[in-house]
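*Asks:* next comes the sequence, and after it the predicted model I'd like to discuss.
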Amino acid sequence: MTPTMLRQLWSVVENSQATTLVSLDDATLAQWLIKQLKKRSTLNCTEADLIKEYIQSRVSLIRDLAEERLGSEPSLSV
């Protein structure tokens with residue numbers, strides 16, 4: 001996996017709705033992130049498999065980051 005692929009993945013994570021990231025189960029989250037990456041660049045089967053394994057090893061971190069964003073969003077109540 002190249003550094004560019006890693007940067008693109010984490011960019012997708014950072015720019016995704018936090019509610020989406022925390023609401024999907026692990027397998028669906030990995031598939032959804034790969035789909036988002038494919039929109040940005042072409043991935044061959046080997047790269048997609050590598051990224052899927054990487055995502056699966058980082059699911060807890062991805063969810064923690066998303067939950068942190070959810071907790072730090074400003075309140076909309078008046």
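*Replies:* Yep, it's here.
*Asks:* mind listing what's buried in the one helix or strand Q8 maps to?
*Replies:* Take DSSP states H and E as the rule and Q8 turns out to sit in helix 3-15. Buried residues in helix 3-15, counted by 16 or more other C-beta atoms under 10 Å: M5, Q8, L9, V12, V13. (Glycine included, C-beta is placed from N, CA and C.)
*Asks:* center of this protein - which residue?
*Replies:* The residue lying closest to the centre of the chain (C-alpha atoms, centre = their mean) is V13, at 3.7 Å.
*Asks:* what are the boundaries of the helices in the chain?
*Replies:* Here the chain has its helices, by DSSP state H, at 3-15, 18-23, 26-40, 45-57, 59-72.
*Asks:* how far away is T28 from T20?
*Replies:* 10 Å (C-beta to C-beta, to the nearest Å).
*Asks:* rewinding a little: export the helices of the chain to TSV and tack on mean pLDDT?
*Replies:* Output for these, formatted as TSV (pLDDT from 0 to 100):
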stretch	mean pLDDT
helix 3-15	94
helix 18-23	96
helix 26-40	95
helix 45-57	95
helix 59-72	93
